[in-house]
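Q: next input, structure requested:
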Amino acid sequence: MQLYGGGPLSQSSGDILTDHGISIFMLYGCSECGIMSPILPKTSGKEWNYFKFPEGIKTRFVWDANGNAELLLLPGKHLIPNILNTVIEGLDAYATSDLLSPHPTKPGYWRIYGRADDQIMHNTGEKTNPGPLEAIMNQDLHVQAAVMFGRGKFSAGVVIDPRADFAFDPIDQDKLVEFRDKIWPTIERMNEYAPQHSRIFKEMIIVASPSKPFAYTAKNTARRQAIIADYDPEIEALYTAVEETTQADIPPPSTWNLPEATEFVHEVVTRVIKHSVQDSDDIFQKGCDSLQATWIRNTLLHALRDTTTAQTRVIPSAFVYQHPTINSLAAFISSFAKSEHIAVNAEQQTQKMLEMVKKYASFTTHTPSLSLPRTDTVVITGTTGSLGIELLGLLEKSSQVTRVYALNRKSSISLRQRHENSIRERGLDVSVLASEKIQLIEVDLEKEQLGISPSLYEEIRVSVTHIIHNAWPVNFNLSLESFEPNVRFLRDLVNLALSSPFVTPPRLVFISSIGVLRNVDTSVPVTEGPVDPSVAAGMGYSESKWVADSILDLATEKTLLRPVSIRVGQLTGGTSGAWNHAEWFPSLVRTSQSLNCLPKLEKTISWIPTNVAAKSILEMQDPSLRYLHLVHPRPVPWDTVITTLEKELQLPLVPYDQWLASLERVKADPGSQDENELLDRYPALKVLDFFADGGKENGSSEAMGMPNLNTEGAQRCSTTLRNALSLSEGDVLAWIAYWRKCKFVL
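A: A predicted model of the protein is given here:
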């Protein structure tokens, strides 16, 4: 029974068929190469949607950041593609644009994930894979075809072509509402399967007009790009309308005193996010996403404009993020409505930071009864990112370490799969996950004892000798309040350490950030020590890291715990060169290709490869040192990197001011490029303010205005850091190779 040619079969539908004894055999092939999967494999069953390439087919895979891989095919004895459209490893090959996902436990087995050219990149950096979601929608008896959109936007939407029996003109709003209601159960089923950022809201459904029919291929599949191009005016109008959408049927308060404002905000928030939330809850911790935040913002601003003379245009666009609870949002709106609003200043923020430190400064009493064991048991958090996965690999290889508990927050993707994706992306050895040393554990920051079973928590408590706290969300939009669960998690780890039965509490290593030093005096080197809260004020991320550091300061004063905060600087690609292309420097490189020039700077850089940073962290064990700076002790000139790029990418060098001016001209006059194309070609536009500030002289010898950091203590602790080789041409070539593999750099 072959079902693939007629369109994707959902996992749930396939499982139902196999449960009834029906064997499903999937064929995979393309016009350029023919069939490439076994036609009648020996076995079938629940894993009917996975297949293995025959040995005679020469395959290569280009991995993306999500752990999927584009299939490339090389000419061989048993298969010669009739099109060769790329080069890999110096050989001509055919890039299929098909994305495949590896089997979680069976090497060499793959399933179809989607098309590389169909992936929807939102302006948040998150991706939607439309194929499986559209397949679910296409099962609805009212739907002929569904095409998702949202590239470069904050959320996804869908254009629906109704079946002939249900076709109508969507100008008729009553019929449009009726049709959306008919297909809504299917949309809800799809939303249960989709990651949060890919969910479809009822307001984001466009229905095709009879005057603008869908374009279909000869196989009767919807021609995605053609349809999205045809419906571009409707799509843009929809996003514009959403930006202005309000919950207008909620009457504004008669006065804006705090009790009435709180009641109004509560009604708005609960109506938008569609479930119960307490007034003191962080709405972003309760599932509020960017689209819902937009609706909340618009509704509150609309009510203010209708009932007051307040100048709402001066309200920051991110005020919902800055006031993430109903209570704080109501206080902000109430104050503004009564013309008593005062912009949040550094003094107010530092007071909030100090209050949060005080809130989480109570610690468990340490009552030792056992001597330290001869080997180490390590708890480590945040092991799916670049630094975390390097640390996990080193811990697994260490003969001194007998057990590693890797704690990570829950996700729609299994914890093992997230680790495998991260390992493959960075070219590391996936066999590390098979080690008996390592136990992957999902935790819940909102629950007592990390949200794990009492027996497992006790097992960890009585055995742990080291804690490495690496997990921390990197989101520069969120306020300090939204980081509070992470601050509480840190305090819970402190108490876990202090509850240890060992005579010396576990060594707690906190991965802090040089972001804490955002307002520091850059004209002199920063010493490895505490800083005033005003130095970190102005961004929720840096404020939360300062709060965490300060809680550890108090734990050092009040208890026997001897933690260390390691302020990590700019990390580059590790051994494999894998460097996330969403970061500022890869964005500069891609943008420079589009500008046809690279910027010169008479500055130095203290960047450090991720693998070197990981080794250094594990060596930082001196209990007498409270703060350490993890940057390269031997900075190199900016030219070391930029001249290698000049030679490899064949781009001329120009003064930084000239490069920046060229970028600003593109922003001012994008020509015929739409926003999506513009950001694809010039990703540095996403952080233009950062690059503008980076060109200003602030007294620092470091590029981009980064502070000069003293590393005396860090070097004394770490032989790896002390002897680290300076960045070289080889490092830069490895980064370029990785970016080219990802098709980010041309």
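Q: show me the protein divided up by domain.
A: Listed domain ranges for the chain are 4-118, 120-243, 258-343, 376-631+639-741 (source: automatic domain parsing).
Q: what's the closest of these to F363?
A: Nearest of the domains of the chain to F363, taken as C-beta to C-beta: domain 376-631+639-741 at 5.5 Å. Yep, even glycine has a C-beta here, placed from its N, CA and C like the rest.
Q: export the domains of the chain to a markdown table and tack on mean pLDDT?
A: Output for the domains of the chain, formatted as a markdown table (pLDDT from 0 to 100):
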| stretch | mean pLDDT |
| --- | --- |
| domain 4-118 | 75 |
| domain 120-243 | 87 |
| domain 258-343 | 80 |
| domain 376-631+639-741 | 92 |
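Q: go through those and name the closest to K359.
A: Smallest distance to K359 across the domains of the chain (C-beta to C-beta): 8.5 Å, for domain 376-631+639-741.
Q: end-to-end on that closest one?
A: One end of domain 376-631+639-741 sits 38 Å from the other (C-alpha to C-alpha, to the nearest Å).
Q: could I get the domains of the chain as JSON lines with mean neighbour count and distance to S362?
A: Formatted as JSON lines, the domains of the chain follow (neighbours: other C-beta atoms under 10 Å; distance: least, C-beta to C-beta, whole Å):
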{"stretch": "domain 4-118", "mean neighbour count": "15", "distance to S362": "40"}
{"stretch": "domain 120-243", "mean neighbour count": "17", "distance to S362": "34"}
{"stretch": "domain 258-343", "mean neighbour count": "18", "distance to S362": "19"}
{"stretch": "domain 376-631+639-741", "mean neighbour count": "19", "distance to S362": "8"}
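Q: now distance to K359 too, for those, in CSV please.
A: Converted to CSV, these look like this (distance: least, C-beta to C-beta, whole Å):
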stretch, distance to K359
domain 4-118, 36
domain 120-243, 29
domain 258-343, 13
domain 376-631+639-741, 8
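Q: which residues touch the residue lying closest to N327 once chain neighbours are set aside?
A: Residue nearest to N327 in three dimensions, not counting chain neighbours: D279, with 4.9 Å by C-beta to C-beta, 6 or more residues apart in numbering. D279 is in contact with 262, 266, 325-327, 330, counting by C-beta atoms under 8 Å, 6 or more residues apart in numbering.
Q: and D639, by the same measure?
A: Listed by C-beta under 8 Å, 6+ apart, the contact set of D639 reads K600.
Q: if I've got this straight, it is in a helix?
A: Yes - under the criterion used here (DSSP: H, G, I helix; E, B strand; the rest coil), D639 sits inside a helix.
Q: got phi/psi on F51?
A: phi -150, psi 170 (degrees, to the nearest 10).
Q: on the three-state scheme, the nearest residue to it once chain neighbours are set aside is what?
A: Among residues not flanking F51 along the chain, S37 sits closest, at 4.0 Å (C-beta to C-beta, 6+ apart). What three-state DSSP gives for S37 is coil.
Q: and the gap between S37 and L100?
A: 11 Å (C-beta to C-beta, to the nearest Å).
Q: same thing with R224?
A: Counting by C-beta to C-beta - R224 and L100 are separated by 19 Å.
Q: one step back: next one: the residue nearest to F51 from S31, what distance?
A: 15 Å.
Q: also K127?
A: Taken as C-beta to C-beta, the span from K127 to S31 is 27 Å.
Q: likewise S718?
A: Separation of S718 from S31 (C-beta to C-beta) stands at 56 Å.
Q: which of the three states applies to the closest residue to P623 other than its chain neighbours?
A: Using C-beta to C-beta, 6+ apart and skipping the chain neighbours, the partner closest in space to P623 is R562 (3.8 Å). For R562, the assignment made with three-state DSSP gives coil.
Q: can you pull the contacts of R562?
A: R562 sits next to 505, 507, 556, 623-624 when contact means C-beta under 8 Å, 6+ apart.
Q: going by distance to Q348, which of the residues you listed wins?
A: Closest to Q348, out of all of those and judged by C-beta to C-beta, is T556, at 27.6 Å.
Q: just the element for the closest one, please.
A: helix 540-558 (DSSP states H and E).
Q: list the contacts of L625.
A: L625 touches 528, 564, 713, 716-717, counting by C-beta under 8 Å, 6+ apart.
Q: could you export the residues you listed as CSV, including secondary structure and distance to P652?
A: Formatted as CSV, those follow (DSSP: H, G, I helix; E, B strand; the rest coil; distance: C-beta to C-beta, whole Å):
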residue, secondary structure, distance to P652
E528, coil, 40
V564, strand, 45
G713, helix, 42
R716, helix, 43
C717, helix, 43
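Q: make JSON lines out of the residues you listed and add distance to T270.
A: Below are the contacts of L625 laid out as JSON lines (distance: C-beta to C-beta, whole Å):
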{"residue": "E528", "distance to T270": "47"}
{"residue": "V564", "distance to T270": "43"}
{"residue": "G713", "distance to T270": "50"}
{"residue": "R716", "distance to T270": "55"}
{"residue": "C717", "distance to T270": "51"}
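Q: could you identify the helix or strand that succeeds the longest helix seen in the chain?
A: For the chain, the longest helix by residue count, based on DSSP state H, is helix 173-193. Sequence order places strand 205-207 as the next helix or strand after helix 173-193, per DSSP H and E.
Q: elements contacting that following strand?
A: Where contact means 3 or more C-beta pairs under 8 Å, 6 or more residues apart in numbering; DSSP states H and E, strand 205-207 is packed against strand 157-162, helix 173-193, helix 232-243.
Q: what's that strand in contact with?
A: Strand 205-207 is contacted by residues 157-160, 162, 168, 170, 176, 179-180, 183, 187, 231, 234-235, 238 when judged by C-beta under 8 Å, 6+ apart.
Q: just checking: what are the partner strands of that strand?
A: strand 157-162 (parallel) (DSSP bridges).
Q: could you measure from the closest residue in space to S587 that isn't next to it in sequence over to P599?
A: Of all residues not flanking S587 in the chain, P683 sits nearest, at 4.0 Å (C-beta to C-beta, 6+ apart). P683 sits 15 Å away from P599, taking C-beta to C-beta as the criterion.
Q: hey, where'd the strands end up in the stretch 51-200 of the chain?
A: Remark: strands assigned in the stretch 51-200 of the chain by DSSP state E, counting those that start in this stretch are 51-52, 58-63, 69-74, 86-88, 91-102, 109-115, 120-121, 127-128, 143-149, 157-162.
Q: show me what the longest one is in contact with.
A: Think strand 91-102. Contact with strand 91-102 is made by 30, 32-33, 60-62, 64, 67-75, 81, 83-87, 109-117, 119, 129, 420, 424, as judged by C-beta under 8 Å, 6+ apart.
Q: how about the fourth one?
A: Applying C-beta under 8 Å, 6+ apart, the contact partners of strand 86-88 are 60, 62, 72, 74, 92-95.
Q: sheet-wise, list the partners of that strand with their directions.
A: strand 91-102 (antiparallel).
Q: how about the CA coordinates for stretch 451-466, as CSV?
A: C-alpha atoms of stretch 451-466 as CSV (Å, rounded to 0.1, in the frame of the first residue of the first chain):
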residue,chain,number,x,y,z
GLY,A,451,9.4,19.3,39.4
ILE,A,452,11.1,15.9,39.5
SER,A,453,10.1,12.8,41.5
PRO,A,454,11.0,12.8,45.2
SER,A,455,13.1,9.7,44.8
LEU,A,456,15.2,11.2,42.0
TYR,A,457,15.6,14.5,43.8
GLU,A,458,16.8,12.6,46.9
GLU,A,459,19.2,10.5,44.7
ILE,A,460,20.7,13.8,43.4
ARG,A,461,20.8,15.5,46.7
VAL,A,462,22.8,12.9,48.5
SER,A,463,25.3,12.4,45.7
VAL,A,464,26.0,15.7,43.9
THR,A,465,29.4,17.2,44.3
HIS,A,466,29.3,19.9,41.6
